[in-house]
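>>> Let's see this in three dimensions:
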Amino acid sequence: MNAAIFSLALLASSSLVEVSDKVPELKVEALCKATSETDKAMALALPQSFSDCMRDETSAQQQLGEIWAATKLAVRDVCEGEATSGGSQSYVDLLTCIQMTGVAPATTATPALRGASKNRSKQ
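Residues are numbered from 1 along each chain as shown. As a prediction, the model looks like this:
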């Protein structure tokens, strides 16, 4: 009986490890929509469209897939917290945070991403 419970506990714990090795699933649509609307309301010369924002977020998500498992858990946790703070979520912010730590493995050619970063207006 104890062996069966122990086996179940081991199976459950190994499945938790697998989940943490996957890039978190973020809801970026709302942020892209808000960013696009804000850019238009501010009458920017080159407002970012919803589709451009989503393309950047998707590209950042794919780049994260290449480096996520090799990135230290502590860095992932801190950066995920930053990328989801304030009710908004952004793969661009998550990728940028990880890259800025200097501990992320190098990816292949990294395109410039604007995304819907909360920090975009500070650039």
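>>> What ranges does the chain have for its helices?
For the chain, helices defined by DSSP state H occupy the ranges 2-20, 29-41, 50-67, 73-83, 91-101.
>>> list the buried ones in the last one?
Across helix 91-101, burial judged by 16 or more other Cβ atoms under 10 Å covers 91-99. For the C-beta atoms, the positions are set from N, CA and C on the backbone; glycine is no exception.
>>> now do the second one
Of the residues in helix 29-41, 31-32, 35-36, 39 count as buried by neighbour count, 16+ other Cβ under 10 Å.
>>> hmm, who's touching it?
With contact meaning Cβ atoms under 8 Å, 6 or more residues apart in numbering, helix 29-41 is reached by 47-50, 53-54, 57, 88-90, 116, 120.
>>> Do I have it right that Gln89 meets Glu80?
No. Using Cβ atoms under 8 Å, Gln89 is not in contact with Glu80, being 9.4 Å away.
>>> For these two, indicate the residue with more neighbours.
Shown here are Gln89 and Glu80; by other Cβ atoms under 10 Å, Gln89 has more neighbours (21 against 18).
>>> Next, find the distance separating the residue nearest to that one when sequence neighbours are not counted from Thr58.
Setting aside the residues directly before and after it, Gln89 is nearest to Leu26 in space (Cβ to Cβ, 6 or more residues apart in numbering), at 3.9 Å. From Leu26 across to Thr58, the span is 11 Å (Cβ to Cβ, to the nearest Å).
>>> Looking at the buried residues of helix 29-41, which is nearest Lys22?
Proximity of the buried residues of helix 29-41 to Lys22 (Cβ to Cβ) peaks at Leu31, which lies at 20.7 Å.
>>> returning to that earlier point: what would the helices of the chain look like in CSV with mean pLDDT?
Shown next, in CSV, are the helices of the chain (pLDDT from 0 to 100):
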stretch, mean pLDDT
helix 2-20, 44
helix 29-41, 95
helix 50-67, 96
helix 73-83, 95
helix 91-101, 95
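>>> If you drop the residues flanking it in sequence, what lies closest to Phe50?
Nearest non-adjacent residue to Phe50 (Cβ to Cβ, 6+ apart): Ser36, at 4.5 Å.
>>> roughly how far apart are that neighbour and Leu95?
Distance, Ser36 to Leu95, using Cβ to Cβ: 20 Å.
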